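Chemist: Everything below, folded, please.
(one chain, ligands or ions: 1)
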Amino acid sequence: MKLDITQALIGQEKVNALMGKVEQAQEALEKGTCAGNDFLGWLHLPSSITPEFIAEIQAVADTLRKECDTVIVAGIGGSYLGARAIIEALANSFQWLTNKGENPDVLFAGNNIGEDYLYELTEYLKGRKFGVINISKSGTTTETALAFRLLKKQCEEQRGKEVAKKVIVAITDAKRGAARTCADKEGYKSFIIPDNVGGRFSVLTPVGLLPIAVAGFDITALVKGAQDMEKQTALGVPFEENPAARYAAVRNALYQEGKKIEIVANYQPKLHYIGEWWKQLYGESEGKDHKGIFTAAVDLTTDLHSMGQWIQDGERSIFETVISVAKPEHTLFFPSDEENLDGLNFLAGKRVDEVNKMAELGTQLAHVDGGVPNLRIELERLDEYNLGQLIYFFEKACGISGLVLGVNPFNQPGVEAYKKNMFALLGKPGYEAETEAIRKRLA
Ligand code: PA5
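Modeler: Here you go, the predicted model:
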């Protein structure tokens, strides 16, 4: 993985001015003296994962792969986005049509309360040999718990209680929460989300690893990539050689210059959910105390025909971070056409990726000309190893960046506000005072 900041449109002196703060942030992370220091379990997570632990996860994944044609991952936020990001980045874009039963379909639920979504899912699952991975650290998240209640009932009815016990797996807290109580009572296989790893930093725990293994991908290689990035971003690695430190410094320097929005852009549709995962990681970690870069994501070139206008020409408060993949997995050449009715013979014999790369370069030049600072992350290829590197790189940089910004990157107090109102509106026991206050407000 390479990080290029040469087009960041920010003086080196402004980046260098933050080097001291970046170093302090790294030290505070390492020594556990920073804000949110009870949530630093992710920091040395890759190097602490043993082959035995991977084998335990793989064994459970193999059971689900053997017993199920479809596995539903129920979870939201950090209990969902990492797994989806990696699976979609690695899977055949049309896998639902073409996997021919080699791998179970991995579908996602518990990340919304759409009645049609849940109805259509339950309809789709009729007659399917499905299993469920129920993921919730707190074990009480409404979206996930609702979906799980429906899926558990359907799985037991369709497959029988005994099989359901084999194909429902819980990933939750060691002791607390309804998901733990249910798993223990029903005798489900379960994995623990460590107390000191927050949801959005949990992709390298069973939260991400189990669904990824179920989908048929190599979790050993994913973890190896993360382990190597852990070394590459360790305290003591010189600033110029530490991509996480450099990324954290540049984005803070740009923020100080009034760049309040960061857009992550990809040129491979498979990376759409990496953008979603990144948006949550940085948005939820930094957006607090009335500070923080607003995180957005675009799929290019698709969104050049929608958001491209704004990026090129709108308010100059943005910068762009491009995730580029050097080598696609497949080769496809544009054919020559005798009639050349579409006028595209000048591309005949060229690879599709060559055209994509020229679109990427052309866009970068245009955006830089338009005053949009451009950072570029290059992955050699889209495989488990490179994605493992990317995941840990973004996590490490996020921890450093949030501390440089002066917030606690590991909490999310703002998320509670909507829950309180929703519970009050739904008449949840214990919320009577809030219900009354809302009733008066809406009267
Ligand atoms: O990053 C976070 O902490 C959140 O996004 C959580 O992952 C999300 O709210 C889901 O929480 P839980 O796993 O407790 O259901």
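
Chemist: What residues of the helix or strand that residue 367 is a member of count as buried?
Modeler: For residue 367, the element it lies in under DSSP states H and E is helix 352-369. Neighbour-count burial for helix 352-369 flags 353, 356, 357, 360, 363, 364, 367 (criterion: 16 or more other C-beta atoms under 10 Å). Where you see a C-beta, it was placed from the backbone N, CA and C, and this is true even at glycine.

Chemist: Sheet partners, orientation included, of the top strand by length along the chain?
Modeler: Criterion DSSP state E: the longest strand present in the chain is strand 318-327. Using DSSP bridges, the strands paired with strand 318-327 in its sheet are strand 261-266 (parallel), strand 374-381 (parallel).

Chemist: by how many degrees do the first one and helix 352-369 diverge?
Modeler: Between strand 261-266 and helix 352-369, the angle comes out at 160 degrees (axes from the mean of the first three to the mean of the last three C-alpha atoms, to 10 degrees).

Chemist: Residues contacting strand 261-266, please?
Modeler: For strand 261-266, contacts defined as C-beta atoms under 8 Å, 6 or more residues apart in numbering pick out 251, 254, 272, 274-275, 278-279, 282, 293-300, 303, 307, 311, 317-324.

Chemist: could you pick out which of the buried residues of helix 352-369 are near the ligand?
Modeler: Among the buried residues of helix 352-369, no residue lies close to the ligand (C-beta under 6 Å from any ligand atom).

Chemist: returning to that earlier point: any chance of the strands paired with strand 318-327 in CSV, plus mean pLDDT, distance to the ligand and mean neighbour count?
Modeler: Converted to CSV, the strands paired with strand 318-327 look like this (pLDDT from 0 to 100; distance: least, C-beta to the nearest ligand atom, whole Å; neighbours: other C-beta atoms under 10 Å):
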stretch, mean pLDDT, distance to the ligand, mean neighbour count
strand 261-266, 98, 18, 23
strand 374-381, 98, 22, 18
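
Chemist: Quick one: closest of the ones you listed to residue 44.
Modeler: Closest to residue 44 of these is strand 374-381 (C-beta to C-beta; 22.9 Å).

Chemist: Export only the CA atoms of the strand or helix carrying residue 250, formatted as PDB.
Modeler: Element membership for residue 250, per DSSP H and E: helix 243-256. Written as PDB, here are the backbone C-alpha positions of helix 243-256 (Å, rounded to 0.1, in the frame of the first residue of the first chain):
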ATOM      1  CA  PRO A 243       1.700   6.300   6.200                       C
ATOM      2  CA  ALA A 244      -0.700   6.500   9.100                       C
ATOM      3  CA  ALA A 245       1.200   9.400  10.700                       C
ATOM      4  CA  ARG A 246       1.400  11.200   7.300                       C
ATOM      5  CA  TYR A 247      -2.300  10.800   6.500                       C
ATOM      6  CA  ALA A 248      -3.300  12.000  10.000                       C
ATOM      7  CA  ALA A 249      -1.000  15.000   9.700                       C
ATOM      8  CA  VAL A 250      -2.100  16.000   6.200                       C
ATOM      9  CA  ARG A 251      -5.900  15.700   6.800                       C
ATOM     10  CA  ASN A 252      -5.500  17.800  10.000                       C
ATOM     11  CA  ALA A 253      -3.400  20.400   8.200                       C
ATOM     12  CA  LEU A 254      -6.100  20.600   5.500                       C
ATOM     13  CA  TYR A 255      -8.900  20.900   8.100                       C
ATOM     14  CA  GLN A 256      -7.100  23.800   9.700                       C
END
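
Chemist: and it, which residues are buried?
Modeler: 243-255.

Chemist: about what we covered before: now the buried members of the contacts of strand 261-266.
Modeler: 251, 254, 272, 274-275, 278-279, 282, 293, 295-300, 303, 307, 311, 318-324.

Chemist: what sits against the residue lying closest to residue 79 once chain neighbours are set aside?
Modeler: Of all residues not flanking residue 79 in the chain, residue 135 sits nearest, at 4.2 Å (C-beta to C-beta, 6 or more residues apart in numbering). Counting by C-beta under 8 Å, 6+ apart, residue 135 touches 73, 74, 75, 79, 80, 110, 144, 170, 171, 172, 207.

Chemist: what does residue 60 give?
Modeler: 169, 189, 191, 210.

Chemist: could you redo the last one with a cut-off of 10 Å?
Modeler: Counting by C-beta atoms under 10 Å, 6 or more residues apart in numbering, residue 60 touches 133, 169, 189, 190, 191, 206, 210, 213, 214.

Chemist: go on, residue 40?
Modeler: 28, 29, 30, 31, 32, 34, 196, 197, 198, 201, 399, 410.

Chemist: same check, this time on residue 223
Modeler: 45-47, 49-51, 53-54, 204, 209, 384-385, 388, 391-392.

Chemist: Who's the closest spatial neighbour of whichever residue of the stretch 301-443 of the chain sits closest to the ligand, skipping the chain neighbours?
Modeler: In the stretch 301-443 of the chain, the residue that lies nearest the ligand is residue 412 (5.5 Å; C-beta to the nearest ligand atom). Nearest non-adjacent residue to residue 412, counting by C-beta to C-beta, 6+ apart: residue 284, 5.1 Å away.

Chemist: and the strand or helix carrying the one you found, what does it pack onto?
Modeler: Using DSSP H and E, residue 284 sits within helix 272-286. In terms of contacts (3 or more C-beta pairs under 10 Å, 6 or more residues apart in numbering; DSSP states H and E), helix 272-286 is packed against helix 81-90, helix 243-256, strand 261-266, strand 294-299, strand 318-327, helix 384-405.

Chemist: Quick one: closest of these to residue 426.
Modeler: helix 81-90 (25.5 Å).

Chemist: Kindly export the closest one (C-alpha atoms) in CSV.
Modeler: The C-alpha trace of helix 81-90 is given here as CSV (Å, rounded to 0.1, in the frame of the first residue of the first chain):
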residue,chain,number,x,y,z
LEU,A,81,-19.7,-2.5,7.7
GLY,A,82,-16.2,-4.0,7.9
ALA,A,83,-17.4,-7.5,7.0
ARG,A,84,-19.5,-6.1,4.1
ALA,A,85,-16.7,-3.9,2.9
ILE,A,86,-14.2,-6.8,2.7
ILE,A,87,-16.6,-9.3,1.3
GLU,A,88,-17.9,-7.0,-1.5
ALA,A,89,-14.3,-5.9,-2.3
LEU,A,90,-13.3,-9.5,-2.9
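
Chemist: For it, name the packing helices and strands.
Modeler: strand 70-74, strand 105-109, helix 206-214, helix 219-232, helix 272-286, helix 384-405.
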